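In: predicted model follows, preceded by the sequence.
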Amino acid sequence: MRFDQRHLLGIEPLRPDEITTLLDLSDKYVTLNRQREKRSGILSGLTQINMFFENSTRTQASFELAGKRLGADVMNMAMQASSIKKGETLIDTAMSLNAMHPDLLVVRHPQSGAVDLLSQKVNCAVLNAGDGRHEHPTQALLDALTIRRAKGRLHRLSVAICGDIAHSRVARSNILLLGKMENRVRLIGPPTLMPAGIDQFGVEVFDDMREGLRDVDVVMMLRLQKERMDGGFIPSEREYYHRFGLDAEKLGFAKDDAIVMHPGPMNRGVEIDGTLADDINRSVIQEQVEMGVAVRMAAMDLLARNLRARPKEVMV
Amino acid sequence: MTDTLIFNARLIDPEAGEVRPGALLLSGGRIAEVFDTPEPEVGTDRVPAPARLDAGGAFVAPGIVDIGVKVCEPGERHKESFRSAGLAAAAGGVTTMVTRPDTLPAIDTPEALEFIRRRANEAAPVNVLPMAALTKGREGREMTEIGFLMDAGAVAFTDCDHVVTDTKVLSRAMTYARSLGALVMMHPQDPGLSAGAAVTSGKFASLRGLPGVTPMAERMGLDRDIALVEMTGVRYHADQITTARALPALERAKRNGFDVTAGISMHHLTLNELDVADYRTFFKVKPPLRSEDDRQAVLEALRTGLIDIVGSFHTPQDEESKRLPYEEAASGAVGLETMLPVLLRLVHSGDLDLPTLFRAMTLNPARRLGLDCGRLSTGAPADLVLFDADKPLILDRFKLESKSKNTPFDGARLQGKVLGTWVGGQRVFG
């Protein structure tokens, strides 16, 4: 069992065995989280700072809960309201925070690569909670854990990712992770919401839901990110729902035991039918949220172990 | 001024397209004689011993004429001044800097141009020839005083990376420029497609989650410009042609006899989009770095002469403008001092020969601007560079003369060192 990372910046740097290590540990935390007494002292004495430069409720809450259950001192910083507005650069913000000696820094930022940049300037372990359209590694890991628990394995599965691939960091991290673990990935969506060069990612691309969903094991819906649209990617929400929204009829093309996933928050009636989202026989959306806390606990646990194994660096 | 003899040299002659052993006699700021023997018999009465320089078999070539240098005066002198840019140029073998008007404010009046000429003359050790804006404030609405600006010494007109979107304004400016014989330099790019882009679209852009621009945007910009050239008959130079898709349009325009030339930057010849790697902002240039296929295609176009001119597109940026998330970071890289060793990589790898490279850095830009330099022949200005093409070095950006240190080649292993630079017969470096 090895996990050699200093930070968790994305799925791209992870080896398949590191992913397995992380998921195995996550399973243990799922068990812990289901007990009445959920506390572990594994991060006690460490400081975790959540820096969210972009609005988030669930991810931030999930990270906060994960840290608290492991006994870390957790601090939340809402960065939109902060010094950024006063003109401070990201690097300066990072340097000031670094001076407070945090051990774990959880960062979400609207710019691709910003978390990577920040990680170069601090001494602590950095967890990417989503950067621009680049990566959202803990989301892909919690999705992987959900799939593995539902399907009993995380290889040789056929997984369809549907919707706004172009603007989605969740899609990128999932494509990378599922590819590393040797699954077949299908992407379904209108061509205007597909990123360029997608044919070189080792995935199959469809612009027809029925064709794309045929015999898949997992259906992963993405949120149609209205706030990311520069305008004019799709004609209207209703046409989108008609062609790409997931309902019982379209899901009928997938395998009978196919599971339905969504990273949340959902737009019911835009990308997914409300009744289907609540169908406990098909939808694992609630499990995904549960797995999120466990995966984040595992990630912080592993990074903290590496942090403790390293000699304390001299501040610069 | 005393005469100088540079002997025991290998002369790179871009006109003849050859490298041959020889010597040069410099007199009165010009090349007085070119010898075909490395050690010609010139009496010490003509050139005394201290004015004789044994090149030791190193190369002598015409000094580089670099079209598209940004000197940040006026407006951002903390990034680069005429003094620092001039020192960088001299250290890099660039003897003529053709400067861009995209300063703050833009060089769009004869008065502003006069300031440039005065500052340049007193501060820079190399020749400085300014370009002026094509439209006022580079805003694409009204043409500048092209006639007055030419009288004041503008050698070409360009709005740099601001594409003039109003074709009526552009066609009038081109028609007016044509009547004066002015050279117009454009940045071929479709502004709609390239808006907000930080990299070239494709697998790499998608992996990094960065907004990309399709290479087709360059071809669309070039196609539009060429149609306007056909309409107005203006003398046209595309600043940078960086994609394979734009090359057929360029080839067609030349074949049809239009007065069209094209340039490319040193960076697009030697780097590709993958060099950006983990969001390294020093590799952010405009247009963005392209795919390896594109790089190979433009390299071939340079070999065949379809692309005429290579420049550094020297663009100083301070650390603060670059230490930002990739999308927010400023574009551009410094290149005056690194251009020669970096482009020599292409010679060492067998992609280019020295005469072809120097043709694109000296003779072609000089001819395009109607300058007398860029040649190694009797009567040409004694603007020269002496360099050792093989000497290895590891580039240290903090040792560059430029005030800004934003080079993508920091730490790169290069071969090629400038040993001496002469401008008008005066040694300005080495």
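Out: That came through fine.
In: low-confidence ranges in chain A?
Out: A:81-87, A:227-231, A:312-316 (pLDDT under 70).
In: mind listing the strands for it?
Out: A:47-52, A:73-78, A:104-109, A:125-131, A:158-162, A:184-188, A:204-206, A:218-221, A:259-261 (DSSP state E).
In: show me chain B divided up by domain.
Out: The record's domain parsing of chain B by automatic domain parsing lists B:4-60+B:382-429, B:63-368.
In: of the ones you listed, flag the one that's most buried.
Out: Most buried of these, by mean neighbour count (mean count of other CB atoms under 10 Å in any protein chain shown): domain B:63-368, with a mean of 21. C-betas here are computed from N, CA, C, even on glycine.
In: and it, how far from the chain's centre?
Out: 7 Å (CA atoms, centre = their mean, to the nearest Å).
In: most distant residue from the middle of chain B?
Out: residue B:45 (40.1 Å; CA atoms, centre = their mean).
In: quick check, residue B:365 in a helix?
Out: Yes. Under DSSP: H, G, I helix; E, B strand; the rest coil, residue B:365 sits within a helix.
In: surely it and residue B:312 touch.
Out: No. Between residue B:365 and residue B:312 there is no contact under CB atoms under 8 Å: 11.5 Å.
In: what's the end-to-end length of stretch B:132-139?
Out: Stretch B:132-139 has an end-to-end distance of 13 Å (criterion: CA to CA, to the nearest Å).
In: ok, stretch B:54-70 next?
Out: 35 Å.
In: sorry, back to before: which one of the domains of chain B lies closest to residue A:300?
Out: domain B:63-368 (22.8 Å; CB to CB).
In: give me phi/psi at residue B:176?
Out: Torsion angles at residue B:176 (phi, psi; degrees, to the nearest 10) stand at phi -70, psi -40.
In: need the pLDDT of it.
Out: On the pLDDT scale, residue B:176 is placed at 98.
In: what do you get for residue B:44?
Out: At residue B:44, pLDDT is 85.
In: and the gap between it and residue B:236?
Out: Counting by CB to CB, to the nearest Å, the gap from residue B:44 to residue B:236 is 51 Å.
In: residues in contact with residue B:385?
Out: Contacts for residue B:385 (CB atoms under 8 Å, 6 or more residues apart in numbering or on different chains) come out as B:60, B:61, B:62, B:63, B:64, B:93, B:95, B:340, B:418, B:420, B:421, B:422.
In: who's the fifth one bridged to?
Out: Taking DSSP bridges, one finds residue B:94 as the beta-bridge partners of residue B:64.
In: verify the stated contact: it with residue B:98.
Out: No. Using CB under 8 Å, residue B:64 is not in contact with residue B:98, being 10.6 Å away.
In: quick one: common contacting residues for those two?
Out: With CB under 8 Å, 6+ apart, residue B:64 and residue B:98 have no common neighbours.
In: in chain B, where's the longest helix?
Out: When chain B is parsed with DSSP state H, its longest helix is helix B:216-232.
In: for it, name the packing helices and strands.
Out: Judged by 3 or more CB pairs under 8 Å, 6 or more residues apart in numbering or on different chains; DSSP states H and E, the packing partners of helix B:216-232 are helix B:167-180, helix B:191-194, strand B:235-238, helix B:247-255.
In: which of the domains of chain B sits closest to residue A:105?
Out: Closest among these, once you apply CB to CB, is domain B:63-368, at 16.0 Å.
In: tell me the contacts of residue A:77?
Out: Going by CB under 8 Å, 6+ apart, residue A:77 touches A:49, A:50, A:51, A:52.
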